[in-house]
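**Student:** No sequence on hand, only this structure:
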């Protein structure tokens, strides 16, 4: 209710009814993986509640600060080559 987290009350219904409207799949675990990729973290280990520092209901201007994490990691050899 505070508007600072994404709450999924019924993950099966969410996956079957909502995900196909916005994604090419209805796989809830893939959706969670995408949330993690964008920096969201699970707040409660017993419930599907995800938060992000820049995710706020009444702060649309900060939505552009939610960006995909880079998957590029420098290799060990590139890090030592100077």
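**Tutor:** Great, that's in hand. All values reported here derive from a predicted model rather than from experimental measurement. Numbering: from 1, shown residues only.
**Student:** By mean pLDDT, point me to the weakest helix or strand of this structure.
**Tutor:** One helix or strand of the chain scores below all others by mean pLDDT, DSSP states H and E: helix 76-80, with a mean of 58.
**Student:** Just give me the residue closest to the centre of the chain.
**Tutor:** Most central in the chain under Cα atoms, centre = their mean is residue 35, positioned 1.5 Å from the mean C-alpha point.
**Student:** mind checking the backbone torsions on the spatially closest residue to that residue that is not a sequence neighbour?
**Tutor:** Setting aside the residues directly before and after it, residue 35 is nearest to residue 50 in space (Cβ to Cβ, 6 or more residues apart in numbering), at 5.3 Å. Using the backbone N, CA and C atoms, a C-beta is placed for each residue, glycine as well. The phi and psi values for residue 50, taken as degrees, to the nearest 10, are phi -120, psi 140.
**Student:** just to revisit the earlier point, what's the distance between the helix or strand the residue nearest to the centre of the chain falls within and the middle of its chain?
**Tutor:** Per DSSP states H and E, residue 35 falls inside helix 28-37. Helix 28-37 has its average C-alpha position 6 Å from the chain's average C-alpha position, going by Cα atoms, centre = their mean, to the nearest Å.
**Student:** Each with direction, which strands does the following helix or strand past that helix pair with?
**Tutor:** Where DSSP H and E defines the elements, the next helix or strand beyond helix 28-37 is strand 41-42. Using DSSP bridges, strand 41-42 pairs in its sheet with strand 48-51 (antiparallel).
**Student:** and the partner strand, what's its mean pLDDT?
**Tutor:** For strand 48-51, mean pLDDT is 97.
**Student:** So what touches that strand?
**Tutor:** 4-9, 11, 32, 35, 40-43 (Cβ atoms under 8 Å, 6 or more residues apart in numbering).
**Student:** now, the most widely separated pair of those?
**Tutor:** Among those, the pair separated by the greatest distance (Cβ to Cβ) is 4 and 11, at 20.1 Å.
**Student:** hmm, back to that, I'd like to know which of the contacts of strand 48-51 are buried.
**Tutor:** Buried subset of the contacts of strand 48-51 (neighbour count, 16 or more other Cβ atoms under 10 Å): 5, 8, 32, 35, 40.
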